Structures are given as structure tokens and as C-alpha cells.
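**Q** Predicted model follows, preceded by the sequence.
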Amino acid sequence: MKMLPRPALTVFSILVVLSFLTAWVPFSKSSPPNIIVILADDMGYGDLGVTGSKVLRTPHIDQLARSGVFCAEGYVASAVCSPSRAGLLTGRDPRRFGYEGNLNKGDANYATRPEILGLPPGELTLGDHLRAAGYATALIGKWHQGIGPGFHPNERGFDYFCGMLGGAHSYFPTKAPHSIERNGQPVTEFSDPYLTDFFTTEGINWMKQQQTTDQPWFAFMSYNAPHAPMHATDADLAQFSHIKDPTRRTYAAMMWALDRGVGRIHDWLKQSNQLENTLVVFFSDNGGPDSNGSWNGPLSGGKGALKEGGVRVPMIWSWPGTLPANQRYTSPISALDLLPTFLATAQSAPLPLRRPLSHEDARNFERGVKRYGAYDGRDVLPNLRGDAPPIQRTLFWRLQGQASIRSGDHKLIRLSHRPAQVFAPSTDLAEANDLVAADSELTSELFHELAEWESMLPTVPLWDSSPFWQKESAEHYDHRPAGPEPL
């Protein structure tokens, strides 16, 4: 790797440290807590009891919300799986390091250099940071951050990995060819025949093993449910025979299995006296798509679109004894907040960022660090505890010819196939009232700030996504308004 001249390295290091210290406040707990992230995949915003479903049953996730803080305006870094996960793993907006689209296959239809398809090796993960802070680290389930050399979870900060490297998988690995591995070796025996249950068992077994040490631990329970393929057990399907639509019925059964996993994890924490020593965060990697029978509740749009249904997710933070119970937080909060919050609880500073090699990207990168900070999230525990007022923040997105900014109470969406739109999503959840004509000054201000952010991104993304997402994204603006829960 080419080394920086000493003066440039010194200036850059100062920028990184100062930008993080403005947001990071050490947490004064005597010993760091264990941390669990439970991530659903393609879950609709409305598909929990706590978010309004009258058809699905999610008692354990609902109980998790009652035990802590439910964030009604949770946001993820992207409206599709892979860049969303890249954002939550790094604590950095993925567009800032060229990770804009979903991973493609590098085939002739949209050629890409396969050796760059994944989370860039220069980016550090939650696993890297927490392992440096003294944590044991594990990732169970879906990776979707690259499959080649340098991309494997065991090379990216995770001591233990059991799951699949790709983005989707059969839920019946004992009946079909599978690619489930454990630390690089194929899994040959399964504790459970259904994949969601297997991941839950695998995660709990790893947590049990950590009890033999004094080391705090971090478990990323990265479920692929309820992402396609739509597979459910007969027993789970029987719970929802009242649902007429077969896809919706299968989706409900898959959510039932996911909820069962959340309940098993909670029960183990309680039985092992770890409940008050464990911070648990639950959310989905993006909104629900058209294809899997999900329902985004009061939100319009869905996976692949930058309307609220694509990027807004229910988020739950639970830490009994530290965070208040049965609270609702109604200001924007982001998956990008995980890294600085976790490091604050671990009483640790972040590892230094690695500067891009190309001159132009490095210039844009340093301008971005100076303007927005090295990391894009904030330590939100003081806000969730009620010790600090809500954060006044600005969030950005870009995907497949569409870009968006939410600044304060307003959000602008810039589209490739129609004029831009401005909404007030806190009060207009369905984004039905376009404010462009009513407030041209507001529109201009949002356009200017979005353009400034884009000027600090890499010159081009690392790769382009499948053309599928261009059509899929555009159709959400035309054909997916908010509506009643499907039966």
C-alpha cells in the first residue's frame, strides 16, 4: 500500500479524531455490556404487532419493544440489502466508499470486476472495532458483503461465522443443495431442518460458549428471513390458515419463525442472567418489497425506492436497567448510529480510517471528513435514555438514478424519470403531499445540500447494480401507495 506523506497523514489523522470526538461521549458503565444485533431481511414496516399488523403474530418482538425504546423513525443506509448492511457494519454512509448498489454477479449483462465485488478491504467493521475493544465477535446468518479473498467475515473482524456468503438461500438446507459454512468449512449436520431455527440455535450455542470467559461479546444475528425464497414449514403455515393470499400466508409463517428466534434469544439471556448486561438492537435491513407478501403499513414505496417504505424501518433498542422500558422515540435514528453507540458502551475509541489511494477520491474523502465527520452516526444512548434532546440531523441516500436527503422535518427525493418531490415524513407518513410547489425556497435549500454531499463522494461507484433495480425503483413511485393490510 502506498504510504501518505507525513504532513498529509498528520492532518488527516487530526480530522478523523476531531470529527469523532464531537459525537462520541464515553459511557460510564463499569464493565462493557454484551451486544446483540438482530437483523431481519426485507421485513415490511407494518408487519409487527407494535407497528399495526392485525394479521401477523410477533409476540416476542413486540415484547422486546415493550422492554425498551421503540424508534418509529428508524432509517437504514440503503433501500436494498447489500449497501444497507455495509452501512450498519461500518458506521459510514456506504456511498462515501463507492458501495452504492446491490452486489451483482459480474456477468455479461452488467460486467463488473469480480475482485472488487464486496465491502472494500480498507473499510473496518463493527467486528474490527469491537474486537479491538476486547470483544469476542460472531456473525450468524447472511453476509452479502462479498465472497472472494479479503471479503470473508473471518477476515473482516468476526472470530466466528456460520451462515451463507450470498444474499439468499433455501430455508431447507437438509433437502436441497446448500452453501452454509462454519468458519470456511461446509456444514454437514444441522441442529434444525429449517434455516431460521438453525441460525437461532447456532447463535445461542456460541453465546453459551462465551460464558466460560470474562470477555464481553458481540453477536450479529443476521437473519435472511423473511427474504425470498418464500419457504416455511407446514407447522408454521398452519398457524396462518386464515390468510387467503398464499404468499402473504408464507410470509406470515416466516415472520413467526423469526419471532420465535427472538423469543429464544431473550429466554436464554434471562435464564443465564445476561439480560441486564446485554444491549439488543432489532431492525430490518430495508423495507418490504412487492414480491414477498410484506406490508409497509402507513408508508408508501418499498424495497428499492427512496420513499419511506424503502428506507424507514421499525427499530428497537432494549437494555433493561439502562434504557427505559415501554418508550417511543419519534425523531430520526439511523443504522449508522450503531457503531459510535456500541463503541461508547465499550468505552473505546474507533480504529483510524484508511484513506483512499486515488488522488481525486482522497480529495473528496478529506472534504467529506471535514464537512460531515469520519463516521456518519452518533452515540444515541443519551437520547434514548431521555438525557439529551433529539439529534438535529441530516441523512442522505443514492441508488439507481435516485437520490434523497432528509434534513430536519423535510425530505427531498430527486428522481431520474419525473420531477423532484419534497415531503414532511414525520407527519405525512404516506408522502402523499408534495411540497415542491408550495415552498420553492425549501426545495432549493435541500437541492443545494444534496449536491454538496454528492460532490464529496467517490468519482464513480465501485460497480453498478442489476438493471432490475432501475425498473423496480421507478415502479414504486407509480404503483405502491400506502394501503390497508393485505388479508
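**A** Structure's in. What do you need?
**Q** Let me see the ranges of the helices in the stretch 201-350 of the chain.
**A** Counting by DSSP state H, counting those that start in this stretch, the stretch 201-350 of the chain has helices at residues 234-238, 246-271, 308-311, 338-345.
**Q** So for this structure, the centremost residue is which one?
**A** D285 (4.1 Å; CA atoms, centre = their mean).
**Q** So that one sits against D41, correct?
**A** Yes - shown here, D285 and D41 form a contact pair, counting by CB atoms under 8 Å, at 5.6 Å. Yep, even glycine has a C-beta here, placed from its N, CA and C like the rest.
**Q** Please enumerate the shared neighbours of these two.
**A** Residues touching both D285 and D41 by CB atoms under 8 Å, 6 or more residues apart in numbering: C81.
**Q** highest average neighbour count across the helices of the stretch 201-350 of the chain?
**A** The highest mean neighbour count among the helices of the stretch 201-350 of the chain, using mean count of other CB atoms under 10 Å, belongs to helix 308-311: a mean of 31.
**Q** out of the helices of the stretch 201-350 of the chain, which comes closest to S222?
**A** Of all the helices of the stretch 201-350 of the chain, helix 246-271 sits nearest to S222, with 11.8 Å by CB to CB.
**Q** helices or strands up against the closest one?
**A** strand 34-40, helix 59-66, helix 195-210, helix 234-238, strand 278-284 (3 or more CB pairs under 8 Å, 6 or more residues apart in numbering; DSSP states H and E).
**Q** For the ones you listed, could you give me JSON lines that also reports distance to M221 and mean pLDDT?
**A** Converted to JSON lines, the helices and strands packed on helix 246-271 look like this (distance: least, CB to CB, whole Å; pLDDT from 0 to 100):
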{"stretch": "strand 34-40", "distance to M221": "5", "mean pLDDT": "98"}
{"stretch": "helix 59-66", "distance to M221": "12", "mean pLDDT": "98"}
{"stretch": "helix 195-210", "distance to M221": "5", "mean pLDDT": "98"}
{"stretch": "helix 234-238", "distance to M221": "19", "mean pLDDT": "98"}
{"stretch": "strand 278-284", "distance to M221": "9", "mean pLDDT": "98"}
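**Q** Compare the ones you listed and report which one is nearest to L351.
**A** strand 34-40 (16.8 Å).
**Q** CA atoms of the closest one as CSV?
**A** Extracted in CSV, the C-alpha atoms of strand 34-40 (Å, rounded to 0.1, in the frame of the first residue of the first chain):
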residue,chain,number,x,y,z
ASN,A,34,-22.6,-7.7,25.6
ILE,A,35,-24.2,-6.6,22.4
ILE,A,36,-26.6,-8.4,20.0
VAL,A,37,-27.8,-7.0,16.7
ILE,A,38,-30.9,-8.9,15.3
LEU,A,39,-31.4,-8.0,11.7
ALA,A,40,-34.5,-9.0,9.7
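**Q** Name the strands paired with it and say parallel or antiparallel.
**A** Next to strand 34-40 in the sheet, as set by DSSP bridges, lie strand 217-222 (parallel), strand 278-284 (parallel).
**Q** Tell me who's in contact with the closest residue to S334 other than its chain neighbours.
**A** Once flanking residues are discounted, S334 sits nearest to Y75: 4.9 Å by CB to CB, 6 or more residues apart in numbering. Going by CB under 8 Å, 6+ apart, Y75 touches V311, R312, V313, P332, I333, S334, A335, L395, R406.
**Q** What about Y75? Give its phi and psi, please.
**A** phi -130, psi 150 (degrees, to the nearest 10).
**Q** Over to E475?
**A** Main-chain dihedrals, E475, degrees, to the nearest 10: phi -70, psi -30.
**Q** Over to A136?
**A** Torsion angles, degrees, to the nearest 10, at A136: phi -80, psi 140.
**Q** ok, how many other residues are close to it?
**A** Other residues lying near A136 total 20 when counted by other CB atoms under 10 Å.
**Q** Who are the contact partners of the closest residue in space to it that isn't next to it in sequence?
**A** Computed as CB to CB, 6+ apart, the closest residue to A136 that is not its neighbour in sequence is W217, at 4.3 Å. Listed by CB under 8 Å, 6+ apart, the contact partners of W217 are N34, I35, Y135, A136, T137, A138, M207, Q210.
**Q** follow-up on the earlier one: any idea how far the nearest residue to the residue nearest to the centre of the chain once chain neighbours are set aside is from P94?
**A** Excluding the flanking residues, the one nearest D285 by CB to CB, 6+ apart is S84, at 4.5 Å. S84 is 8 Å from P94, where distance means CB to CB, to the nearest Å.
**Q** Could you tell me which residues touch both of these two?
**A** Contacts common to S84 and P94, judged by CB under 8 Å, 6+ apart, are A77, S78.
**Q** re the thing from before, for the residue nearest to the centre of the chain, give me the backbone phi and psi.
**A** The phi/psi pair for D285 (degrees, to the nearest 10) is phi -70, psi -20.
**Q** What count of nearby residues applies to Q209?
**A** By other CB under 10 Å, the residues close to Q209 number 13.
**Q** who's in contact with it?
**A** By CB under 8 Å, 6+ apart, Q209 has no neighbours at all.
**Q** what about 10 Å?
**A** A136, A138, Y160, W217 (CB atoms under 10 Å, 6 or more residues apart in numbering).
**Q** got it, and L429?
**A** Counted by CB under 10 Å, 6+ apart, L429 has contacts 45, 72-73, 296-300, 308-309, 312, 423, 482.
**Q** follow-up on the earlier one: need the strands paired with strand 34-40 in CSV with distance to G166, can you?
**A** Shown next, in CSV, are these (distance: least, CB to CB, whole Å):
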stretch, distance to G166
strand 217-222, 12
strand 278-284, 19
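**Q** looking at those strands, which is buried most?
**A** Comparing the strands paired with strand 34-40 by mean neighbour count (mean count of other CB under 10 Å), strand 217-222 ranks first with a mean of 27.
**Q** Just the CA trace of that strand, in PDB.
**A** Extracted in PDB, the C-alpha atoms of strand 217-222 (Å, rounded to 0.1, in the frame of the first residue of the first chain):
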ATOM      1  CA  TRP A 217     -19.100 -10.500  23.300                       C
ATOM      2  CA  PHE A 218     -20.900  -9.100  20.200                       C
ATOM      3  CA  ALA A 219     -23.300 -11.300  18.200                       C
ATOM      4  CA  PHE A 220     -24.600 -10.200  14.900                       C
ATOM      5  CA  MET A 221     -27.700 -12.300  14.300                       C
ATOM      6  CA  SER A 222     -28.000 -11.500  10.600                       C
END
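**Q** could you give the mean pLDDT of it?
**A** Averaging pLDDT along strand 217-222 gives 98.
**Q** so how far is it from its chain's centroid?
**A** 13 Å (CA atoms, centre = their mean, to the nearest Å).
**Q** returning to what we had before: restricted to strands, list the contacts of L429.
**A** In this view, the contacts of L429 that belong to strands under DSSP state E are A72, E73, R312, F423.
**Q** Skipping adjacent residues, who's closest to the second one in space?
**A** Yep, that's E73 we're talking about. E73's closest residue in space is P332 (CB to CB, 6+ apart), at 4.7 Å.
**Q** Backbone torsions only: list them for that neighbour.
**A** Torsion angles, degrees, to the nearest 10, at P332: phi -60, psi 140.
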